[in-house]
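Peer 1: okay, predicted coordinates and the sequence, questions at the end:
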Amino acid sequence: MRRILSAREYESALLSLSYDELRQAAIAFAKAAGEMMGQHGLDRTLFLCAGPFGPLAKQAAERLGSSGKRADVCEIVKDELPDLTGSLICDCLFEPTGSGTLPAKRRAWIEAIAISGCPVLSAAVPAGLDPDTGRADALAVQARITVSPAGYLPGLFLHDGLDHCGGIRPVGGETETVDDLYRFEVADAKRLLPPRKRTAHKGDSGKALLCVGSPQYVGAALLSARACLAAGCGILFVACPDVVRTALVRLPEAIGIPVGTDWDGARCPVAIQALAGKQAVGLGCGVGRGDVSPLLEAVLRSGLPAVVDADGLNCLSRHPELYPLLHEGVVLTPHPGEMSRLTGLSAEEVLDDPVSLARRYAGIWGCTVLLKGAATVVSDGKRTCIVAEGNAGLGKGGSGDVLTGIITGLLSQGVEPYHGACLGSYLLGTSADKAFDLLRERMLRATNVIEALEDREP
């Protein structure tokens, strides 16, 4: 776990770095600067400093100098801005001002960086980006790499942050336990996905039930079911309308439970009966506007670990009498529009401070809230994390269905809901190669074995 600190906390953490921590941070800065100088064919790095980064910049500059590279340090409090032409700019202008406005001299330096067209390496957060909110000033620096010692600042992941920080390279800031806010990373994923025993059988890997799909949204059911199996669910049942059950022939490992032509209150008892003996439930992907409130109520009353998404969330928002049935085993996965309907807040209010909002409503509802966005926020009211993996390619139909399937599969294997939500979001956001490396044998399905046998050369 790596902590996320407010700007004031971050400044204090920087000033408290030990000699060895400061040395490691300087090495990381010098390494990143050396790489960028080589990539851009530059022979000078110019460190522009303010506030707490002065000592670290000087150490990094000395390291670059000792390796034969030119590195100069300019401090905003005493130096005039030099000519930036032909330089790698190391933006060390972080200051926890919190005022929302840039002091005149600092503004002038940031404007000069923007006009120069020089590649930029930022320290902690690109200058001009609010370190707490991620809102960018019109002059905000566009960094290629942001090196962040002592942990992270929230602004890296919120609002405009991800568009300005480039590649993020953390140095230090790890902690064993975080009760407030942290970023979910690969080490956390590995810890939550221990290797499977060779003696494990399908019954050990959990039985899950997905209540998904409709004549209009057949694909949503198939995507969530396939993802649930890929996440390692041992036996998967899919309660769905007839047309979806017919389409499940493409996924023979899933066991279809027909509920009729489409979802409505009269069809719910079939799915309710199927709750018996399951370890986890996923409800909502593509069920349309049919009334599934009796099923949603039964799922919540069952006490089973459950993921409620999409049309399941819309159903919940139309039936506020069900809110008291939410419990710590439930994961709600709204996007900002769905969160708006659940809370009665405007979408703008939801987007304004997603960290506080997710934490607040997770506490009110007593469940885990996974609030989707470019960076996803997960909270159970006590613990909160940001998952910043992924790219704009995930902003399309089907990604939420895959997420629901992954989390449901993880819950069926005994992963606790909060961790399942964090891990599911991380797995969705990572590249296919990294996700495969983490899941490995969990992803293997019976048809994969047949495909491998068929592809084998005689």
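Peer 2: Right, received. Where do you want to start?
Peer 1: how distant is whichever helix or strand Ala362 is part of from the center of its chain?
Peer 2: Assessed by DSSP states H and E, Ala362 sits inside helix 354-365. Chain-centre distance of helix 354-365: 16 Å, with C-alpha atoms, centre = their mean, to the nearest Å.
Peer 1: next, the buried residues of that helix.
Peer 2: Within helix 354-365, the residues scored as buried using 16 or more other C-beta atoms under 10 Å are 354-355, 357-359, 361-362, 365. For every residue, glycine as well, the C-beta is placed using N, CA and C.
Peer 1: tell me how far the helix or strand just after that helix lies from the chain's centre.
Peer 2: Under the assignment DSSP H and E, the closest C-terminal helix or strand after helix 354-365 is strand 368-371. On the basis of C-alpha atoms, centre = their mean, strand 368-371 sits 11 Å off its chain's mean C-alpha point.
Peer 1: who are the packing partners of strand 368-371?
Peer 2: Using 3 or more C-beta pairs under 8 Å, 6 or more residues apart in numbering; DSSP states H and E as the contact definition, the elements that strand 368-371 packs against are strand 330-332, helix 354-365, strand 376-379, helix 417-429.
Peer 1: hang on, the earlier thing: mind putting the buried residues of helix 354-365 in CSV, distance to Pro258 and pLDDT included?
Peer 2: Supplementary listing: the buried residues of helix 354-365 in CSV, determined by distance: C-beta to C-beta, whole Å; pLDDT from 0 to 100:
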residue, distance to Pro258, pLDDT
Pro354, 39, 96
Val355, 42, 96
Leu357, 39, 97
Ala358, 37, 98
Arg359, 41, 97
Tyr361, 36, 98
Ala362, 35, 98
Trp365, 33, 98
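Peer 1: distance to Val243 for the residues you listed - can I get that in TSV?
Peer 2: Formatted as TSV, the entries for the buried residues of helix 354-365 read as follows, by distance: C-beta to C-beta, whole Å:
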residue	distance to Val243
Pro354	37
Val355	41
Leu357	38
Ala358	36
Arg359	40
Tyr361	35
Ala362	36
Trp365	34
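Peer 1: how many neighbours does Trp47 have?
Peer 2: Actually, residue 47 is Phe. It isn't Trp. Applying other C-beta atoms under 10 Å, we find 27 residues neighbouring Phe47.
Peer 1: helix or strand: which one has it?
Peer 2: Applying DSSP H and E as the criterion places Phe47 in strand 44-49.
Peer 1: the longest helix that the chain contains to strand 44-49, inter-axis angle?
Peer 2: Counting by DSSP state H, the longest helix found in the chain is helix 19-40. For helix 19-40 and strand 44-49, the angle between their directions (axes from the mean of the first three to the mean of the last three C-alpha atoms, to 10 degrees) works out to 130 degrees.
Peer 1: pLDDT on helix 19-40, on average?
Peer 2: Across helix 19-40, pLDDT averages out at 95.
Peer 1: what do you get for stretch 206-223?
Peer 2: Summarised as a single mean, pLDDT over stretch 206-223 is 96.
Peer 1: return that stretch as CSV; C-alpha atoms alone will do.
Peer 2: Extracted as CSV, the C-alpha positions of stretch 206-223 are listed here (Å, rounded to 0.1, in the frame of the first residue of the first chain):
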residue,chain,number,x,y,z
GLY,A,206,-16.9,-20.9,-5.3
LYS,A,207,-20.3,-21.0,-6.8
ALA,A,208,-21.6,-17.7,-8.2
LEU,A,209,-25.0,-16.6,-9.5
LEU,A,210,-25.3,-13.8,-12.1
CYS,A,211,-28.7,-12.3,-12.7
VAL,A,212,-28.1,-10.5,-16.0
GLY,A,213,-29.1,-9.8,-19.5
SER,A,214,-32.3,-9.1,-21.5
PRO,A,215,-33.4,-9.4,-25.1
GLN,A,216,-31.9,-5.9,-25.7
TYR,A,217,-28.6,-6.5,-23.8
VAL,A,218,-27.5,-10.1,-24.5
GLY,A,219,-23.9,-9.0,-24.7
ALA,A,220,-23.9,-7.6,-21.2
ALA,A,221,-24.7,-11.1,-19.8
LEU,A,222,-22.0,-12.8,-21.9
LEU,A,223,-19.4,-10.3,-20.9
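Peer 1: in it, which residues are buried?
Peer 2: So stretch 206-223, judged by 16+ other C-beta under 10 Å, has buried residues 206-214, 217-223.
Peer 1: got any ranges where the stretch 51-200 of the chain has weak pLDDT?
Peer 2: Regions of the stretch 51-200 of the chain meeting the criterion pLDDT under 70 cover residues 97-102, 194-200.
Peer 1: check the offset of stretch 13-24 from the chain's centre.
Peer 2: Relative to the centre of its chain, stretch 13-24 is centred 28 Å away, using C-alpha atoms, centre = their mean.
Peer 1: other residues contacting it?
Peer 2: 5, 25, 52-53, 55-56, 59, 124, 149-151, 171-173 (C-beta atoms under 8 Å, 6 or more residues apart in numbering).
Peer 1: let me see the contact set for Ala189.
Peer 2: Ala189 sits next to 423, 426-427, 438 when contact means C-beta under 8 Å, 6+ apart.
Peer 1: could you export those as TSV, including pLDDT?
Peer 2: Shown next, in TSV, are the contacts of Ala189 (pLDDT from 0 to 100):
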residue	pLDDT
Leu423	95
Tyr426	93
Leu427	91
Leu438	73
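Peer 1: out of those, who's nearest Cys240?
Peer 2: Of all the contacts of Ala189, Cys240 sits closest to Leu427, with 23.8 Å by C-beta to C-beta.
Peer 1: what's the local residue count around the closest one?
Peer 2: If you count neighbours by other C-beta under 10 Å, Leu427 ends up with 26.
Peer 1: coming back round to it: which ChimeraX command selects the buried ones in the contacts of Ala189?
Peer 2: Selecting only the buried members of the contacts of Ala189 in ChimeraX, with burial defined as 16+ other C-beta under 10 Å, works like this:
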select :423,426,427,438
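Peer 1: would you turn the contacts of Ala189 into a markdown table with distance to Val331?
Peer 2: A markdown table is the format used below for those (distance: C-beta to C-beta, whole Å):
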| residue | distance to Val331 |
| --- | --- |
| Leu423 | 11 |
| Tyr426 | 14 |
| Leu427 | 14 |
| Leu438 | 19 |
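Peer 1: how about Ala60: what's its closest non-neighbour residue?
Peer 2: Using C-beta to C-beta, 6 or more residues apart in numbering and skipping the chain neighbours, the partner closest in space to Ala60 is Phe29 (3.8 Å).
Peer 1: mind listing what that neighbour touches?
Peer 2: 56-57, 60, 90, 121, 123, 147.
Peer 1: most widely separated two among those residues?
Peer 2: Taking C-beta to C-beta as the measure, the contacts of Phe29 reach their widest spread between Leu56 and Leu121, a distance of 12.7 Å.
Peer 1: show me where the stretch 151-300 of the chain has its helices.
Peer 2: Taking DSSP state H, counting those that start in this stretch to define them, one finds helices in the stretch 151-300 of the chain at 161-164, 186-192, 218-230, 242-247, 268-273, 293-302.
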